[in-house]
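> I need the structure of the sequence given here:
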Amino acid sequence: MRIGIGSEFGLSSRGGYRTSWRRRSEGGPPPGRVSFTANGRASLALAVKYARCTAGPRRDTVLLPAYLCHSMIQPLVELGLQVRFYPVESDLSIHLPEIYHRVSDRTLAVMLMHYFGFSQSGDPAASLARWFPSVVLLEDRTHLLLSDLHTGAVPLDSAIAVYSPRKWGPFPDLGIVVWPRQSHARALRACLPDKGYDWSFGFWRLLGLVLRALFFNWPIEALHRLSLWSFHRADAILDRRVQIRQASPLSRLLWRCWDWVNVWHVRRKNYQYLLDTWPVAHMEPLFKQLPASVCPLGFAIRTAKRDSLRQYLITKGVFSPIHWRRPPQVSPEEFPEAALLAEQELTIPIDQRYGLPHMEYIIEALCHA
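Prediction:
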């Protein structure tokens, strides 16, 4: 493999953009229910700002799943909120009674998560809305982005959905918020993102995407290093602060040009191939079936030798991300299942840049791991 499998996208058709200007199949909720922000963290901050506009002053705590990315905690802390956690089981399921007993009169919002494209069973948001009508419900549906586009609508009458599309394709600065139908119009207008853009974050992301695209065509090590340096600069800016800003016109144009239908088919085909040919018993897929409604983010596995396996795959040119390392705020003693997931999870890339020959290469590499 000349340039490897995985790592950051480049700004090219390989990321899923159409080569013609024909109108794509839109999918998703009506435009009036959508806000475009500069990134996923800005989307979460916007949703929480809305929650504070509609809740009483005593509510200052957000309840989160114990298995999550540290980036979800940052915007809440920056807004002066407290965070608490509820358990996530080893199969990534959540149990509503565990949330029920942790909600108090100080709970501003409860965050629900769906992992790797596979939704939680039932409709947990609807149940929580019945039990706690004064608590704002948030759903991080980033991993369900293409599953939601495929269904044609986001069935959220009781929760605010947030997405970070950069996990799925080459977008410089793009986050999405989908509002419930019953959102309070006055509070929503007060919380809309600032008219400005997060120029510094977007610039370094865009530069990294362009350099990465050049590297795909001319695999020069200098281009590779410069692209990663640019991505790291963008992430460092975001790690220092979260600004509630709009998505740039470029990212919104790229979103309209993104051929998610083709991305859907490629990812599902790659995932199913790995399922059908998976060779290693001690590397367990987290999801062993692919329902017709699901588009996976990646092929998530768990193994006790995660870190050594990841390093081995890097030597073979396969760059597998970890979703996620345990944030320090999550106690491993209180949440052992989530802590173990954070130590053992590894995601095999299956995205739209690759086909079955790449999946065959990954399988062959794993057979010799």
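> From T107, how far off is the residue positioned nearest the centre of the chain?
The centre of the chain sits closest to T142, judged by C-alpha atoms, centre = their mean, with a distance of 3.8 Å. Going from T142 to T107 by C-beta to C-beta, to the nearest Å gives 23 Å. Every residue, glycine included, has its C-beta placed from N, CA and C.
> Quick check: F36 is in a strand.
Yes. The assignment for F36 is a strand, going by DSSP: H, G, I helix; E, B strand; the rest coil.
> what's across from it in the sheet?
Beta-bridge partners for F36, by DSSP bridges, are I176.
> per-residue pLDDT, it?
Model confidence at F36, given as pLDDT, is 94.
> which ones are touching it?
For F36, the contact set (C-beta atoms under 8 Å, 6 or more residues apart in numbering) comprises 174-176, 246-247, 251-252, 255.
> Ok, S164 next?
Applying C-beta under 8 Å, 6+ apart to S164 gives the contacts 39-41, 43, 142, 175.
> what about 6 Å?
40, 142, 175 (C-beta atoms under 6 Å, 6 or more residues apart in numbering).
> got it, and R353?
Listed by C-beta under 6 Å, 6+ apart, the contact set of R353 reads R14.
> pretty sure G40 is touching V177, no?
No. Using C-beta atoms under 6 Å, G40 makes no contact with V177, being 9.9 Å away.
> now the strands for the stretch 201-350 of the chain?
245-246, 284-285, 299-302, 318-319, 345-348 (DSSP state E, counting those that start in this stretch).
> and the ones you listed as CSV, adding mean pLDDT?
What follows is the strands of the stretch 201-350 of the chain, written out as CSV (pLDDT from 0 to 100):
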stretch, mean pLDDT
strand 245-246, 94
strand 284-285, 94
strand 299-302, 97
strand 318-319, 96
strand 345-348, 98
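> Adding distance to S7 and mean neighbour count, write these out as a markdown table.
Below are these laid out as a markdown table (distance: least, C-beta to C-beta, whole Å; neighbours: other C-beta atoms under 10 Å):
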| stretch | distance to S7 | mean neighbour count |
| --- | --- | --- |
| strand 245-246 | 26 | 22 |
| strand 284-285 | 22 | 14 |
| strand 299-302 | 16 | 22 |
| strand 318-319 | 4 | 18 |
| strand 345-348 | 12 | 22 |
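> neighbours of I350, just the number please.
The criterion is other C-beta atoms under 10 Å. On that basis, I350 has 25 neighbouring residues.
> let me fix that: H70
Around H70 there are 14 residues (other C-beta under 10 Å).
> With S134 instead?
With other C-beta under 10 Å as criterion, S134 counts 12.
> how close does it get to L79?
Relative to L79, S134 is positioned 19 Å away (C-beta to C-beta).
> How about A339?
Taking C-beta to C-beta, one finds A339 at 26 Å from L79.
> for P65, same thing?
To L79, P65 is 19 Å away according to C-beta to C-beta.
> More neighbours: which of the two?
Comparing P65 with L79 by other C-beta under 10 Å, the one with more neighbours is P65, at 24 against 18.
> Pull the contacting residues for the more buried one.
P65 neighbours (C-beta under 6 Å, 6+ apart): 88, 113.
> and if you look at the one 5 residues further on?
Applying C-beta under 6 Å, 6+ apart, one finds that H70 lies in contact with P327.
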